[in-house]
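> Fold the stuff below for me.
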Amino acid sequence: MAQGKLRPDSVAALDGLLFDGMTIMSGGFGLCGIPQALIDAIRDSGVRELTVISNNAGIDGAGLGILLETRQIAKMISSYVGENKLFEEQYLSGELELEFNPQGTLAERIRAGGAGIPAFFTRTGVGTIVAEGKEVRHFDGTDYVMERALTADLAIVHAHRGDTEGNLAYRKTARNFNPMMATAARVTVAEVEILVEPGAIDPDHIHTPGIHVDRLVPVPDAPRRIEQRTVRTRQKEPA
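Residues are numbered from 1 along each chain as shown. Predicted structure coming up:
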């Protein structure tokens with residue numbers, strides 16, 4: 001396998017990038033589009049005192065939940081954490097720090113970090129605990145709270161298709177947080193389900209240009225887990 005940006009496995013993809021106390025952005029939405037192979041490699045590395053920026057904390061036994069099990073995460077910057085009982089236990093006991101964000105605010109903080117915008121004002125959270133300790137300004141008759149941009153030492157993302165130059169395309173819900181995180185970190189590592197040669201992806205279908213991606217690892221057998229499986233009985237067709 002040619003070197004370049006391509007690495008043979010997730011351990012090699014993260015080689016030399018991990019250190020105690022670092023900040024990591026982890027893509028995905030729920031269990032959709034999460035970089036599970038890279039999360040597994042972070043667990044196996046033993047790196048600790050991590051600050052992790054992610055929409056959610058995974059669930060017990062999957063996603064970022066496995067890093068909670070090993071007590072490797074010291075702080076989460078998230079918007080939805082309700083599916084993980086271990087997260088609840090660690091937070092309520094004071095073992096885990098949480099910086100809670102409205103979901104749109106979290107997305108914009110990451111996007112702003114990637115765009116080089118240090119801060120922005122939003123109406124979301126004004127008059128609530130979200131705004132405590134933050135600057136509030138009055139614009140055109142309305143109060144807005146200032147939110148700081150987010151950046152990280154490392155972003156780990158999961159793409160459906162990618163080429164060897166790092167151009168990525170995400171599938172459906174996985175497109176929510178992965179693209180903006182890929183722009184907002186010092187180093188971005190992507191795991192890719194379908195790896196193709198440059199030119200095989202229509203330029204109009206590329207969501208993350210390869211300039212933002214430093215390393216790639218193929219994950220052709222990436223698991224697809226359903227966070228909450230809900231089914232109903234199929235009604236019989238009328239005779």
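> Need the CA coordinates for the helix ranked longest in the chain. CSV is fine.
Under DSSP state H, the helix in the chain containing the largest number of residues is helix 103-115. Output of helix 103-115 as CSV, limited to C-alpha atoms (Å, rounded to 0.1, in the frame of the first residue of the first chain):
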residue,chain,number,x,y,z
GLN,A,103,-26.8,21.4,18.9
GLY,A,104,-26.8,24.2,16.3
THR,A,105,-24.4,26.2,18.4
LEU,A,106,-22.0,23.3,18.6
ALA,A,107,-22.1,22.9,14.8
GLU,A,108,-21.5,26.6,14.3
ARG,A,109,-18.7,26.7,16.8
ILE,A,110,-16.9,24.0,14.9
ARG,A,111,-17.6,25.5,11.5
ALA,A,112,-16.3,28.9,12.8
GLY,A,113,-13.1,27.2,14.0
GLY,A,114,-12.5,25.8,10.6
ALA,A,115,-13.2,29.1,8.9
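> Averaged pLDDT, that helix. What do you get?
If you average the pLDDT over helix 103-115, you get 97.
> So which bits of the helix or strand just after it are buried?
Counting by DSSP states H and E, the next helix or strand C-terminal to helix 103-115 is strand 119-122. Neighbour counts using 16 or more other Cβ atoms under 10 Å place Phe120, Thr122 of strand 119-122 among the buried residues. From N, CA and C alone the C-beta is placed, and that goes for glycine too.
> Just checking: what are the partner strands of strand 119-122?
Counting by DSSP bridges, the strands paired with strand 119-122 are strand 142-148 (antiparallel).
> So what does the spatially most central residue of the chain have for phi and psi?
Geometric centre of the chain, nearest residue: Gly27, 2.1 Å, by Cα atoms, centre = their mean. Backbone geometry at Gly27, expressed as degrees, to the nearest 10, gives phi -80, psi 180.
> Equivalent analysis for Gly65, please.
Backbone geometry at Gly65, expressed as degrees, to the nearest 10, gives phi -60, psi -30.
> I'd assumed Asn56 was in contact with it.
No - using Cβ atoms under 8 Å, Gly65 makes no contact with Asn56, being 9.5 Å away.
> The two: who's more crowded?
More crowded of Gly65 and Asn56, by other Cβ atoms under 10 Å: Asn56, with 26 against 21.
> Hmm, Thr105 is touching Glu147, no?
Yes - under the criterion of Cβ under 8 Å, Thr105 makes contact with Glu147 at 5.7 Å.
> what about the two, which has more around it?
The neighbour comparison of Thr105 against Glu147 (other Cβ under 10 Å) goes to Glu147, with 23 against 18.
> show me what contacts the more buried one?
Thr105, Glu108, Arg109, Ala119, Phe120, Phe121, Thr122, Lys134 (Cβ atoms under 8 Å, 6 or more residues apart in numbering).
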